[in-house]
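Peer 1: Sequence and predicted structure are below.
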Number of protein chains: 4
Amino acid sequence: MRVSDKHNKITQAAVKVFARKGFFNARISDIAKEAKVADGTIYLYFNNKYDILISLFEDEMGKIILQVKNQIETMSDPQEKLLFFVQNHLHLLDNKKDLAEVLQMELRQSNEFMKEYRNTRFIEYINIISTIIHEGQEQGIFHKDIAPGIAKRAIFGALDEMARLWILDKNHQYTIEETASQVCNLFLNGMLVTQTH
Amino acid sequence: MRVSDKHNKITQAAVKVFARKGFFNARISDIAKEAKVADGTIYLYFNNKYDILISLFEDEMGKIILQVKNQIETMSDPQEKLLFFVQNHLHLLDNKKDLAEVLQMELRQSNEFMKEYRNTRFIEYINIISTIIHEGQEQGIFHKDIAPGIAKRAIFGALDEMARLWILDKNHQYTIEETASQVCNLFLNGMLVTQTH
Amino acid sequence: MRVSDKHNKITQAAVKVFARKGFFNARISDIAKEAKVADGTIYLYFNNKYDILISLFEDEMGKIILQVKNQIETMSDPQEKLLFFVQNHLHLLDNKKDLAEVLQMELRQSNEFMKEYRNTRFIEYINIISTIIHEGQEQGIFHKDIAPGIAKRAIFGALDEMARLWILDKNHQYTIEETASQVCNLFLNGMLVTQTH
Amino acid sequence: MRVSDKHNKITQAAVKVFARKGFFNARISDIAKEAKVADGTIYLYFNNKYDILISLFEDEMGKIILQVKNQIETMSDPQEKLLFFVQNHLHLLDNKKDLAEVLQMELRQSNEFMKEYRNTRFIEYINIISTIIHEGQEQGIFHKDIAPGIAKRAIFGALDEMARLWILDKNHQYTIEETASQVCNLFLNGMLVTQTH
DNA sequence: GATGAATGAGCTTTCATTCAT
DNA sequence: GATGAATGAAAGCTCATTCAT
């Protein structure tokens, strides 16, 4: 078995266990059992329990970012790009339920460790949004007075809150498509009937 | 000392300690020391560690909800109400830094307990937004095709993400007023130059 | 309320609680609640938790010893005296269930405290038996080669074991009278058909 | 070191510590230290503190029962069997002082747990006595009107009380042999000079 | 004398991490 | 590289006892 296989097996097991129990309530032995590996083996691939979480985040976000960027490159319309980003984000909730739950929940800990972790992957991810907005502004499609640095956060936050609802409340009132459409419409057209610009 | 004083002293101490260390890393003895009270005394007022967190959330959210609702009642314009809600939420980040951090972070744990805890206070809080939207729609100011149930989440999520940025990244690029203005503008007018409605 | 009344109320409450939960699992607050008295009040009458147990034992055994001795003094036949002692001991199981249980169980703890406690009341109680045996030997009714110091223990032990069975196994196969009769017969006549004396 | 060795080491350490301090006053760390093992190691072999006590009882009683039964099988005379049982029981007090003390004392706790624990080993042990009595009755050696169910308890109780005296009062007035002889004589011949049968 | 809120030492149990095999 | 038994620090919670009122 190649080294990376075991590393990956443990990562996937950790995703499942963290999603089920939460980071603090998850035991190393749970992950080991899920990965069909001895407890000690985990420490051949990760420094400690936190390292599994960070590492998991880096790896999985890396894959997601790559995919999204590849897709978006093939598009030219900023509106289309944004819609894709939103739809893709929401679809992850179904396709990678456990992962979504871990990314959603566990990376929000307010402990010192987490505060120090410079979450560059996350920044890279949401910067995809600001890039789209910037393009839209240059093409004259989006208002120039929108601050991409704030809008990217607002859009991500909105999506993230949708995700939280989706994860916590299993009775989904809206489909992913409806939700994506509503969210895009909101950010593109706003709520006002008569624009004040 | 009145009973409620000690209860309150412990609650305030817990806010500080949870904000600093996070719920799981906070020790009961930390809270006791911060409250200048014996460890055992805490258990005269709370059933267990979780109970402190929940109870803290209920109490503090209760106060915030009351204040916001009172203020909003004095206004008639939905746009004005929304702006107030957004500004008020962001101002809490400065006025009640520790509390904001705890509400932000600790109530996102994915453990079984949290999943079961029906967070009615939280729902009550974000329903203030949907009520405003509904009013706006009835007055013909807001688009009828906006789903208030989605929009309230989107707006809260956006604010929440701003809060997270504010808490984690201490180098604030924008003032609270600028941020509030940007966010309101985004949700009211959208990003598109030419509306598609 | 006279002092002794409160002392007695606490003692009776302790008997109930110790019988129900055992000494170590009984809480002072349980006893206080049962006695309808404040926790602190107990410490006006007893030095500590152990003191309640010891004191309870001394008091209640004192009463029992007095009664038994008074009754036995009115009798002349050692056989009759022994039968009375046995019957009386077993009847206590019904009349004073809780007390019997506490005396039975709780004074058998092997902790250092208990080992040091010179249980003079207990010795006084079982010496009633040896006195009876001695009288019987002097009257030529009982074998001279019986060692009263051993026989008294054997008889008490037998009764005590009956008591234990009675307390632990609520399905009583024999009545108290049958049991008393069997035990007396055993110690008086032995099991052998042909005596070896 | 084989697994059973560590299990056994902990059991033996527990016997010593329970005998010295009593179950409730014994700390897990005392047992761990006595067994030269880490506190946590105990929980690899036992579920909790109670489990050590129960398990210890089951194991050690099991061994004792096996030995006694094996020896008794080689004898034919019920009188001889009874004498052996009595002598053997009293000899355990010397050979396995600590164990005797624990079995004596700690299994008399009146807590809920103990009341529920169906002490089958103990029943198996005293049933050895009733079997002997039954045999004696069938051979016409013992009186038919002796109830084996009561006599077994009486004999065990007598022995148990001897044991208690032996453990608590270190100034032994009689040797084990003398005691055994006296007890057997008492139960075989009774105290009366003239039998009433 | 009576109260009961407050104290804080004490203990069982858990679990991340190590290391001999 | 892999194992999993062993470690031992750590912490939530209890409850006998105190003492200001």
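Peer 2: Ah, there it is.
Peer 1: Could you use CA atoms for every contact and neighbour count after this?
Peer 2: Fine.
Peer 1: Going by proximity to chain C, name the top residue of chain A.
Peer 2: residue A:25 (30.5 Å; C-alpha to the nearest C-alpha).
Peer 1: Name the SS class of that residue, please.
Peer 2: Under DSSP: H, G, I helix; E, B strand; the rest coil, the three-state class of residue A:25 is coil.
Peer 1: Can you read off the backbone torsions of it?
Peer 2: phi -90, psi -10 (degrees, to the nearest 10).
Peer 1: repeat for residue A:192
Peer 2: phi -70, psi 140.
Peer 1: dump the residue contacts of the closest residue to chain D within chain A.
Peer 2: Scanning chain A for proximity to chain D using C-alpha to the nearest C-alpha identifies residue A:29 as nearest, at 14.0 Å. Residues near residue A:29 by C-alpha atoms under 8 Å, 6 or more residues apart in numbering or on different chains: A:38, A:39.
Peer 1: Need the per-residue pLDDT for it.
Peer 2: pLDDT for residue A:29: 95.
Peer 1: Look up how far residue D:151 lies from it.
Peer 2: From residue A:29 over to residue D:151 the distance is 54 Å, taken as C-alpha to C-alpha, to the nearest Å.
Peer 1: Show me which residues of chain A are close to chain D?
Peer 2: Neighbours of chain D within chain A, by C-alpha under 8 Å from any C-alpha of the partner chain: none found.
Peer 1: For chain A, spot the helix or strand the model is least confident about on average.
Peer 2: Within chain A, confidence by mean pLDDT, DSSP states H and E is lowest for helix A:112-116 among all helices and strands, at a mean of 64.
Peer 1: Residue A:69 is in what secondary structure piece?
Peer 2: Residue A:69 belongs to helix A:49-73 when assigned by DSSP states H and E.
Peer 1: Same check on residue A:13?
Peer 2: Using DSSP H and E, residue A:13 falls in helix A:3-21.
Peer 1: how distant is the next helix or strand after that helix from the center of its chain?
Peer 2: Next helix or strand after helix A:3-21 toward the C-terminus (DSSP H and E): helix A:28-34. On the basis of C-alpha atoms, centre = their mean, to the nearest Å, helix A:28-34 sits 24 Å off its chain's mean C-alpha point.
Peer 1: With stretch A:10-17 instead?
Peer 2: From the chain centre to the centre of stretch A:10-17 is a distance of 17 Å (C-alpha atoms, centre = their mean).
Peer 1: Residues in contact with that stretch: which ones?
Peer 2: Stretch A:10-17 has contacts (C-alpha under 8 Å, 6+ apart) with A:26, A:30-32, A:34-35, A:42, A:52-53, A:56, A:98-99, A:102.
Peer 1: then that stretch to PDB, C-alphas only?
Peer 2: Extracted as PDB, the C-alpha positions of stretch A:10-17 are listed here (Å, rounded to 0.1, in the frame of the first residue of the first chain):
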ATOM      1  CA  ILE A  10      -7.100   8.200   7.800                       C
ATOM      2  CA  THR A  11      -8.200  11.600   6.400                       C
ATOM      3  CA  GLN A  12     -11.500  10.100   5.100                       C
ATOM      4  CA  ALA A  13     -12.100   8.300   8.400                       C
ATOM      5  CA  ALA A  14     -11.500  11.600  10.300                       C
ATOM      6  CA  VAL A  15     -14.000  13.400   8.100                       C
ATOM      7  CA  LYS A  16     -16.600  10.800   9.000                       C
ATOM      8  CA  VAL A  17     -15.800  10.800  12.700                       C
END
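Peer 1: do that stretch and DNA strand E meet?
Peer 2: No. Residues of stretch A:10-17 contacting DNA strand E under C-alpha under 7 Å from any atom of the strand: none, with a closest distance of 11.4 Å.
Peer 1: about what we covered before: ok, and for the helix holding residue A:13, which residues are buried?
Peer 2: A:6-7, A:9-21 (16 or more other C-alpha atoms under 10 Å in any protein chain shown).
Peer 1: Repeat that for stretch A:59-69.
Peer 2: A:60, A:61, A:65, A:68.
Peer 1: So for the nearest residue to the last one once chain neighbours are set aside, what's the pLDDT?
Peer 2: Residue nearest to residue A:68 in three dimensions, not counting chain neighbours: residue A:85, with 7.1 Å by C-alpha to C-alpha, 6 or more residues apart in numbering or on different chains. The predicted structure scores residue A:85 at 96 on the pLDDT scale.
Peer 1: How about residues contacting the helix or strand where residue A:85 lies?
Peer 2: Element membership of residue A:85 [criterion: DSSP H and E] is helix A:78-95. The contact list for helix A:78-95, computed with C-alpha under 8 Å, 6+ apart, reads A:68, A:72, A:75, A:100-101, A:129, A:132-133, A:135-136, A:159, A:163, A:166-167, A:176-177, A:180-181, A:183-184.
Peer 1: Show me those residues that map onto helices.
Peer 2: Counting by DSSP state H, the contacts of helix A:78-95 place A:68, A:72, A:100-101, A:129, A:132-133, A:135-136, A:159, A:163, A:166-167, A:176-177, A:180-181, A:183-184 in helices.
Peer 1: Give the ChimeraX command for selecting the buried subset of the residues you listed.
Peer 2: The buried residues among those can be selected in ChimeraX (16+ other C-alpha under 10 Å) with this line:
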select /A:68,72,100,101,129,132,133,135,136,159,163,166,167,176,180,183,184
